[in-house]
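>>> Show me the folded form of this:
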Amino acid sequence: MASTSGTATLSSKDAAAYLGVKLQTLYAYASRGLVKGLPGARGRGRRYRREDLEPLRARSAGPAAQAMRYGDPVLETRIVRMTPRGPEYRGRLATDLVDDGVSFEAVAELLWSGTLPARAPHWPADDPPPLRDLARVLPRGSSPLAALAIALPWLAAADPLRYDAEPAAVLPRGSSPLAALAIALPWLAAADPLRYDAEPAAVLSRARRLIPRMAASYALALDARRLPAALNAGDPARALALALGTPTTRKALELLRAVLIICADHELNASTFAARVAASTGADLHACLGAAVAAFSGPRHGGASEHVELLAREAGEPARAAAAVGERLRRGELLPGFGHPLYREGDPRTPPLLQRAIAYNPKSMRVRTIAALIDAMRSTGRPPPNVDVAIAAVCAALELPIGMGPAIFALGRAAGWVAHILEQQETRQVLRPRARFVGEGAP
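So this is what the prediction gives:
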């Protein structure tokens, strides 16, 4: 294999074999501009970069090989349609639902059933004893999500950790709310003897109880003393506010509800697909949601708003926003929160949340710094901000500690996860994609 400018290249014959096509087909690709040929050494024909051939290889391998790449359809759904104006939940734009003042619970019911309730539904707010027991075990604070590797084996076995003399071994000081959620879900599963009842009505009943508990579980990572009030809050947004320690004023709750609704579903993202894969195997609702949370916890998915907050902290104040952006660019680092592959003209979910965050706390230094970062990025010709920037602005407006954005995002997305779990269960098909072998001896 030769190299051109330090990049591995293939001859025309090898490139055609790599694509699984004839030489004439390769030349046709090049003439149509689908792949660029490079001059070989001493005029010995054209050469092709392997990385340039990958998109064509996926295409020539057929739909099954392309299906798992970003943006290619892989499943059918009736839940959400992606439009230039943002996600459409069962025919209703998410942004319109926010503007119309619809409750998060009503939006969840819309995603699950296809019908928007005329009145805001009331979900049960009962308090499961196991969650209270967990509050006595876990100290205030948290660890990284690596704590999940310790907690899950214990909790999956329905063991209340009675053999552990040091509670801090589960969630040491410094944990994130997502770590508490990852622990609470299997704990609650172990306490539910009917969790394997997959009838849609039973799954919905369980979801209505589970989502408020998920919101309340965040108190386990921040301040377990908040847990009783959060469990008895009466709705997920209020439970979330109580668990996070934010005000429960009408305006604060409206801001949180707006985020939950905007984030409720976004078609087949990584965490939703993980939930559907688990659902296709017959896993119970708790396990499916646990799979979704695990996928969501990755920095390339749910954690992006925290990186925006860290960028704002680097800047410190609006006047230094451009300098902070310039420093990132000088170091060759990514600038989180800008651009979205599905919204080339800008993420339509962003303006409604940004406007509400600024209106809620216009004097906040953090909010004004994020706004200045947006201006600085615009001046460089970079893509517009996506929803992660808006979530960071909401967290700043509510004066939450850095890192709470993913927890809010995950709670909203839980409504969509449940909808997709139900839809996947109806198909009774196991999701089992095939792999294409490309190792030694591959054609």
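
>>> any low-confidence regions in the stretch 51-200 of the chain?
Applying pLDDT under 70 to the stretch 51-200 of the chain picks out residues 58-73, 125-173.

>>> Strands of that one, residue ranges please.
80-83, 86-89, 92-93 (DSSP state E, counting those that start in this stretch).

>>> can you pull out the helices in the stretch 251-400 of the chain?
Taking DSSP state H, counting those that start in this stretch, the helices of the stretch 251-400 of the chain run over residues 270-280, 285-296, 304-315, 321-330, 350-360, 365-379, 387-397.

>>> May I have whichever helix in the chain runs longest exported as CSV, CA atoms only?
For the chain, the helix with the greatest residue count under DSSP state H is helix 405-427. In CSV, the C-alpha atoms belonging to helix 405-427 read as follows (Å, rounded to 0.1, in the frame of the first residue of the first chain):
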residue,chain,number,x,y,z
GLY,A,405,-28.2,19.8,31.9
PRO,A,406,-27.8,16.1,30.9
ALA,A,407,-30.1,15.1,33.8
ILE,A,408,-32.8,17.5,32.7
PHE,A,409,-32.4,16.3,29.1
ALA,A,410,-32.6,12.6,30.1
LEU,A,411,-35.8,13.1,32.0
GLY,A,412,-37.5,14.8,29.1
ARG,A,413,-36.2,12.1,26.7
ALA,A,414,-37.6,9.4,28.9
ALA,A,415,-41.0,10.1,27.5
GLY,A,416,-39.8,9.4,24.0
TRP,A,417,-37.9,6.3,25.2
VAL,A,418,-41.1,4.8,26.6
ALA,A,419,-42.9,5.5,23.3
HIS,A,420,-40.2,3.8,21.3
ILE,A,421,-40.1,0.9,23.7
LEU,A,422,-43.8,0.3,23.3
GLU,A,423,-43.6,0.6,19.5
GLN,A,424,-40.7,-1.9,19.3
GLN,A,425,-42.5,-4.3,21.6
GLU,A,426,-45.5,-4.3,19.2
THR,A,427,-43.3,-5.5,16.3
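
>>> The stretch 51-200 of the chain: helices as residue ranges?
Taking DSSP H, counting those that start in this stretch as the criterion, the stretch 51-200 of the chain carries its helices at 63-66, 94-99, 104-113, 129-137, 147-156, 177-190, 200-217.

>>> need the next SSE after the longest one, C-terminal direction.
This points to helix 200-217. For helix 200-217, the succeeding helix or strand toward the C-terminus, using DSSP states H and E, is helix 219-222.

>>> Only C-alpha atoms, please: export whatever helix or strand comes next after that following helix in PDB.
Downstream of helix 219-222, the first helix or strand assigned by DSSP H and E is helix 227-231. What follows is helix 227-231, C-alpha atoms only, in PDB (Å, rounded to 0.1, in the frame of the first residue of the first chain):
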ATOM      1  CA  LEU A 227     -36.100  13.000  48.200                       C
ATOM      2  CA  PRO A 228     -39.400  12.800  50.200                       C
ATOM      3  CA  ALA A 229     -40.700  16.200  48.800                       C
ATOM      4  CA  ALA A 230     -39.600  15.200  45.300                       C
ATOM      5  CA  LEU A 231     -41.400  11.900  45.500                       C
END
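
>>> Could you find the closest non-adjacent residue to residue 260?
Nearest non-adjacent residue to residue 260, counting by CB to CB, 6 or more residues apart in numbering: residue 412, 3.7 Å away. In short, each C-beta sits where N, CA and C put it, glycine included.

>>> Can you check the pLDDT for the one you found?
For residue 412, the pLDDT comes out at 97.

>>> ok, back up a step: burial-wise, tell me which of the strands of the stretch 51-200 of the chain comes out on top.
Each of those was scored by mean neighbour count; the highest is strand 86-89, a mean of 22, by mean count of other CB atoms under 10 Å.

>>> Adjacent strands (with direction) for that strand?
Sheet pairing for strand 86-89, assigned by DSSP bridges, gives strand 80-83 (antiparallel), strand 92-93 (antiparallel).

>>> For residue 442, which of these is the nearest?
Of all those, it is strand 80-83 that lies closest to residue 442, at 34.5 Å by CB to CB.

>>> hmm, who's touching that closest one?
With contact meaning CB atoms under 8 Å, 6 or more residues apart in numbering, strand 80-83 is reached by 87, 88, 89, 90, 91, 93, 111, 265, 266, 267, 342, 416.

>>> what's the closest of those residues to residue 213?
residue 416 (17.7 Å).

>>> and residue 47, that's in a strand?
Yes: according to DSSP: H, G, I helix; E, B strand; the rest coil, residue 47 belongs to a strand.

>>> ok, it to residue 11 distance?
To residue 11, residue 47 is 6 Å away according to CB to CB, to the nearest Å.

>>> swap in residue 316?
Distance, residue 316 to residue 11, by CB to CB: 54 Å.

>>> cool, residue 349 as well?
To residue 11, residue 349 is 47 Å away according to CB to CB.

>>> neighbour count winner among those two?
Counting neighbours by other CB atoms under 10 Å for residue 349 and for residue 11 shows that residue 349 has the greater number, 26 against 16.

>>> and the more buried one, what does it touch?
By CB under 8 Å, 6+ apart, the contact set of residue 349 is 86, 87, 94, 95, 262, 386, 387, 390.

>>> So which of the residues you listed wins on neighbours?
Neighbour tally across the contacts of residue 349 (other CB under 10 Å): the maximum, 30 neighbours, falls on residue 390.

>>> From what I see, that residue and residue 358 are in contact.
No: look at residue 390 against residue 358 with CB atoms under 8 Å: they stay out of range, at 10.3 Å.

>>> and residue 359, what pLDDT?
With respect to pLDDT, residue 359 scores 97.

>>> Please report how far it lies from residue 257.
Distance of residue 359 to residue 257, given as CB to CB: 15 Å.

>>> what kind of secondary structure is residue 8 in?
With three-state DSSP as the basis, residue 8 sits in strand.

>>> Quick check: beta-bridge partners of it?
Under the criterion used (DSSP bridges), residue 8 bridges to residue 3.
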